[in-house]
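A.B. asks: Quick check, what structure comes out for this input:
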Amino acid sequence: MWTSTAAAAASALLLFSSLASSNPVPALKVRQANGDVDACPGYKAHNVQQTDYSLEAHLTLAGDACNAYGYDLTELNLKVVYESENRIHVKIADPEEARYQVPEEVFPRPSSADTSASSAAIQFKHVAEPFSFSIVRSESGEVLFDTADYPLIFESQYLRLKTHLPSQANIYGLGEHTETFRLNPRNTTRTLWNRDSYGIPTGTNLYGSHPVYYEHRTSGTHGVFLLSSNGMDINLRDGFLEYNILGGIVDLYFLAGPSPIEVAKQYAEVVGLPSEVPYWGLGFHNCRYKDYVEVAQAITNYSAAGIPLETMWTDIDYMYQRWVFTLDPEYFPLDKVQEIVDYLHEHDQHYIVMVDPATAYQPNHDYAAFDRGVEQDIFLKENNGSLYLGVVWPGVTVFPDWFAPNAQSYWNEQFARFFSAETGVDIDGNEPANFLNEESTDPFADAIRQGNPPNRTTPPPAPGTPPFPPSIERRHSVEVDLLNPPYKIQNAAGSLSNKTAHTDLVHANGLHEYDVHNMYGEMMSVATRNAMIARRPGLKPIIITRSTFPGAGRSVGKWLGDNLSTWTQYRFSIAGQLGFASIYGVPVVGSDICGFGANTTETLCARWATLGAFSPFMRNHNELGGIPQEFYRWPLTTEASKNAIGMRYRLLDYLYTAIHHQAKDGSPTLNPLFYKYPHDPNTFAIDHQFLFGHSILVSPVTEENSTSVEFYLPEDVFYDFKTYEVVEGKGANTTLDNVDFTEIPVHIRGGAVIPLRSESAMTTTELRKKPFEIVVAPGKDGKAWGELYLDDGVSLEPAETTEVQFNFDGSKLVVSGPVNYDAKIASFSFLNVDKKVKHVSVGGKQVDKKALDWDKKTKALKFEFETDLYDGLTVELH
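C.D. replies: Numbers count the residues shown, from 1 in each chain. You can find the predicted model right below:
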């Protein structure tokens, strides 16, 4: 069942033939040592053919083959298409296009408008010999990408593409990573090879691969997306950026911007717009291990502490021996789990469990998930046709092959068989994780040695214990090594196959794991979303994944993996969520609040509770064996979470609207400061502050045991979120002292109209019954704008929606847009009102003067006035 290391290595040396006619293999020894690849000959361009919207050319090797990490292809084709006014697609491939490319079924290509080059915002320029190309802005001629002086290297298992950059370039993206949001321009290597990365260590490859970067300059922002699922190193040094790729082709999309938000929208056009989640999915989530009694106690204890809990989760120990699609009959018996689910639903709460792809290898044990997978031929196989075996939590396991013809129907069947139609799902371990080293030859012995499946450390609840007691295919051209390619990317796990599926495995459609590894989690995400919709027709699913690839936002949200309970990772969580929400197009993102691994502290957990309230996905979750860290466990975290969730829930419709907006046009749900202040260089490197939506500035305390925070306020007007007091930004740092561990500094950015629920609630169902307070926070010009989207909160295609805009010109607020989903307004607050207002009318009706409450100190005018929200509603100040 398991090949020897020598046999595996031999099977990985494959001789491909489809390119042999145009690219014969020279009788040269591959140069294994790292030579000066900049001295390689590169290519020269012939037969250049141009149309109004495209360019094609034939590239031939410009000198003696370099053979740095394989064999140089002697001939290539170049194709350039102006797909829109703001997007150029550059593709360099073998003439027959027989080399691996990302399959269309996994990553659908964007449509092309075939735009005239003369009307495009950016232009493709090239030099014929030696071949190089550049991307420049049409209006200014500014060079955005330029490969001059750096020869293109295109080999059997190695591609090198290198571009000039400005000194100290502002580069963002190239994730997933635990690093600063603005990457160090002098010495950063980003390795893209998805892996199980407990502790999310700094400077290493993590769970997801997103080969896209945004470069920001004071003159504008542009984006560069390399569509590739092959492993790669991307070297960022002062003055250049270099791709070193283990195969495939050069498939680049250049995005013109020129603003960072426009780049985000243009990227969404390429990778796909993100999906929306149910309204309740934005509530507070908590996850517990152990047994059904522990889970039930967490639910009731949150209620007793007055902390809103929207969704309860259980991690994988709800399973029998960690077998996916099972329940442990002693620790999580079906009737008790159903009782918990019923209780939650009766209290307008929800339940989510985790699902791993690794399926226990259990022949002849009447295990439906394994037996049906074998019957439907959906598991990964060795080259000899036997099942590929790994070791994960259940012990010896098999893995779904998402390319198998029956994979989707199998996955649908398992979801329909096992899950309630009311649950959500978390998908984990989908890099795929494998606890075996590459050289392992006996997974059964390894599983025993590792102690998997793990033994329970506590006895099960006594039989009958109530959950709630009264108390609380092969298409290449040359000999290649799929296990140990000549160029070694800096994979923190070691060799490519270490701790994951072997890279010489062949999928059902003939593709090799070597090429498609980074898409495994993405394919599981798509299959899971399809299965959830099949199980719950017409309803928005909420699916949270660990492993991602470009386009992940179309199907899932993302948690930032198995982080640690440290102040360093608390700080890095901000950059992590900014990357996914503002660059990679995955708006529903968050870290495990208080940390997953190691033990948290009361003060760290309190600070993280306040910060986590401003993550689109908010969940407290830690590992089995760690100290319990529910918010009600300590006085500080109890108060901090109640304060923070109170702010979050009042803002929940604002967040729901932001996510809806991103799902429609790609506008980011979270914004780094430079997105809103692109001409202020002081904002370019800030990643301990961010904008929640478009207008809520969050500036958390980031130092251990500190009660003060220094943060930056751009030259603009801001308002304290709780007091509404005016705060003038001076384009400088400011310091707040005496910030209690239960508080977080939050400001409203001037120029915004914010719809707030009048008060928080214990569930989102109750929250949606609350009326609105409309807060008008004028900008420096005295004007303000905002929006509100409402629907039933659960339907994929809601029958009725409300989508209105609020416009304030300095004295009059006007609501415009269709209102088909009813909403009530209870009060209004107008900020930065210099003097007492004598008259206010709402919808033409005068507000009682006694109801007008103007605070001379804060300059806030508040008044209660009940009205329906409707198109044409006006509020006038006199």
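A.B. asks: residue contacts, Val425?
C.D. replies: Neighbouring residues of Val425 by Cβ atoms under 8 Å, 6 or more residues apart in numbering: 352-355, 415, 419, 528, 532, 541-544. Glycine gets a C-beta too; all of them are placed from N, C-alpha and C.
A.B. asks: Can you tell me which of the residues you listed comes closest to Asn77?
C.D. replies: Checking those against Asn77 by Cβ to Cβ gives Thr528 as the nearest, at 37.3 Å.
A.B. asks: Report pLDDT for Gly424.
C.D. replies: Predicted confidence (pLDDT) for Gly424: 74.
A.B. asks: my guess is it meets Leu539, correct?
C.D. replies: No - taking contacts as Cβ atoms under 8 Å, Gly424 lies outside contact range of Leu539: 10.4 Å.
A.B. asks: Give me the more crowded residue out of those two.
C.D. replies: Gly424 (24 against 15; other Cβ atoms under 10 Å).
A.B. asks: So what sits opposite that one in the bridge?
C.D. replies: For Gly424, the beta-bridge partners are Ile352 (DSSP bridges).
A.B. asks: got the contact list for it?
C.D. replies: Applying Cβ under 8 Å, 6+ apart, the residues near Gly424 are 281, 311, 350-352, 532, 541-544.
A.B. asks: switch to 7 Å and redo it
C.D. replies: By Cβ atoms under 7 Å, 6 or more residues apart in numbering, the residues touching Gly424 are 281, 350, 352, 541-543.
A.B. asks: quick one: which of those residues has the most company?
C.D. replies: Gly281 leads the contacts of Gly424 on contacts (other Cβ under 10 Å) with 28 neighbours.
A.B. asks: and Gly373, that's in a strand?
C.D. replies: No - the assignment for Gly373 by DSSP: H, G, I helix; E, B strand; the rest coil gives helix, which leaves it out of any strand.
A.B. asks: Just to check, it is in contact with Leu387?
C.D. replies: No - using Cβ atoms under 7 Å, Gly373 is not in contact with Leu387; the gap is 9.4 Å.
A.B. asks: so what sits against both of these two?
C.D. replies: In contact with both Gly373 and Leu387: 379, 398, using Cβ under 7 Å, 6+ apart.
A.B. asks: These two: which is more packed in?
C.D. replies: Between Gly373 and Leu387, Gly373 has the larger neighbour count (other Cβ under 10 Å), namely 25 against 19.
A.B. asks: Who are the contact partners of the nearest residue to that one once chain neighbours are set aside?
C.D. replies: Closest residue to Gly373 apart from its sequence neighbours, by Cβ to Cβ, 6 or more residues apart in numbering: Phe379 at 5.3 Å. Contact analysis of Phe379 by Cβ under 7 Å, 6+ apart lists 373, 387, 398-401.
A.B. asks: Go again with 8 Å.
C.D. replies: Contacts of Phe379 (Cβ under 8 Å, 6+ apart): 359, 373, 387-388, 398-401, 404.
A.B. asks: Among the residues you listed, which are located in helices?
C.D. replies: Counted as lying in helices by DSSP state H, out of those, are Gly373.
A.B. asks: Ranking by neighbours, what's the top pick from the contacts of Phe379?
C.D. replies: Comparing the contacts of Phe379 by number of neighbours (other Cβ under 10 Å), Phe399 comes first, having 30 neighbours.
A.B. asks: thinking again about what came up before, need the pLDDT of the residue nearest to Gly373.
C.D. replies: The model reports Phe379 with a pLDDT of 98.
A.B. asks: Over to Phe468?
C.D. replies: 84.
A.B. asks: Over to Glu439?
C.D. replies: For Glu439, pLDDT reads 87.
A.B. asks: Check the one 3 residues further on too.
C.D. replies: Asp442 is assigned a predicted lDDT (pLDDT) of 95.
A.B. asks: Near it, how many other residues are there?
C.D. replies: Residues near Asp442, counting by other Cβ under 10 Å: 15.
A.B. asks: mind listing the helices for the stretch 501-650 of the chain?
C.D. replies: Taking DSSP state H, counting those that start in this stretch as the test, the helices found in the stretch 501-650 of the chain are 513-516, 520-535, 567-578, 602-612, 635-650.
A.B. asks: between those helices, which one is nearest to Pro798?
C.D. replies: Of the helices of the stretch 501-650 of the chain, the one closest to Pro798 (Cβ to Cβ) turns out to be helix 520-535, at 15.2 Å.
A.B. asks: Do a quick rundown of the helices in the stretch 151-300 of the chain.
C.D. replies: Going by DSSP H, counting those that start in this stretch, the stretch 151-300 of the chain shows helices at 260-271, 292-305.
A.B. asks: Deepest-packed of those helices, please.
C.D. replies: Neighbour counts (mean count of other Cβ atoms under 10 Å) averaged over each of these peak at helix 260-271, with a mean of 23.
A.B. asks: so what does that helix touch, helix or strand wise?
C.D. replies: Judged by 3 or more Cβ pairs under 8 Å, 6 or more residues apart in numbering; DSSP states H and E, helix 260-271 is in contact with strand 87-93, strand 210-217, strand 220-226, strand 250-255, helix 652-665, helix 673-676.
A.B. asks: between those, which one is nearest to Glu105?
C.D. replies: Across the helices and strands packed on helix 260-271, closest to Glu105 is strand 250-255 (Cβ to Cβ), at 15.9 Å.
A.B. asks: re earlier: redo the contacts of Val425 as CSV? Include distance to Thr221.
C.D. replies: Shown next, in CSV, are these (distance: Cβ to Cβ, whole Å):
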residue, distance to Thr221
Ile352, 37
Val353, 41
Met354, 37
Val355, 38
Phe415, 41
Phe419, 43
Thr528, 34
Met532, 36
Pro541, 33
Ile542, 31
Ile543, 31
Ile544, 29
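A.B. asks: from those, which has minimum pLDDT?
C.D. replies: Comparing those by pLDDT, Phe419 comes last, at 86.
A.B. asks: mind checking how far the residue nearest to it when sequence neighbours are not counted is from Val425?
C.D. replies: Nearest non-adjacent residue to Phe419, counting by Cβ to Cβ, 6+ apart: Arg535, 6.1 Å away. Shown here: Arg535 relative to Val425, a distance of 10 Å by Cβ to Cβ, to the nearest Å.
A.B. asks: Residues in contact with both of these two, list them for me.
C.D. replies: Joint contacts of Arg535 and Val425 (Cβ under 8 Å, 6+ apart) are 415, 419.
A.B. asks: circling back: ok, so of the contacts of Val425, who is nearest Val814?
C.D. replies: Ile542 (35.0 Å).
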